[in-house]
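In: return atomic coordinates for the entry below.
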Amino acid sequence: MPDFDISLIKMNINDVYNTKAISPEIIINVEGTVDITFNQSNLTLKKGEVCFIQPNTNYTLKVEAGNVELYKAFVT
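Out: Predicted coordinates:
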């Protein structure tokens, strides 16, 4: 049975984070607003909202204003 891990992602205005989800991922926004782009779709994730990213998906996080604090849960 696979284990999971959690990482903290802190971002500031104009920061961009490009990555690929190797396993299923859950992004939990605890501060600010972040734009997520994946599969030619855009999603704005506000404080308190959650997003599921499917495995083998390239995605980008971008901060347009303020500071953002996210937690990313993933299978290890």
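
In: please name the bridge partners of residue 71.
Out: residue 8, residue 28 (DSSP bridges).

In: for it, give its distance to residue 40.
Out: According to CB to CB, to the nearest Å, residue 71 stands 26 Å off from residue 40. Yep, even glycine has a C-beta here, placed from its N, CA and C like the rest.

In: ok, those two, which is more surrounded?
Out: The residue with the greater number of neighbours, taking residue 71 and residue 40 and applying other CB atoms under 10 Å, is residue 71; the counts read 14 against 5.

In: per-residue pLDDT of the more buried one, please?
Out: Reported pLDDT at residue 71 in the predicted model: 98.

In: contacting residues for it?
Out: Taking CB atoms under 8 Å, 6 or more residues apart in numbering, we find residue 71 in contact with 6, 7, 8, 9, 27, 28, 30.

In: for these, which entry has the maximal number of neighbours?
Out: Each of these was scored by neighbours using other CB under 10 Å; the highest score is residue 27's, at 22 neighbours.

In: touching, that residue and residue 43? I think so.
Out: No: here residue 27 does not reach residue 43: they are 9.7 Å apart, not a contact under CB atoms under 8 Å.
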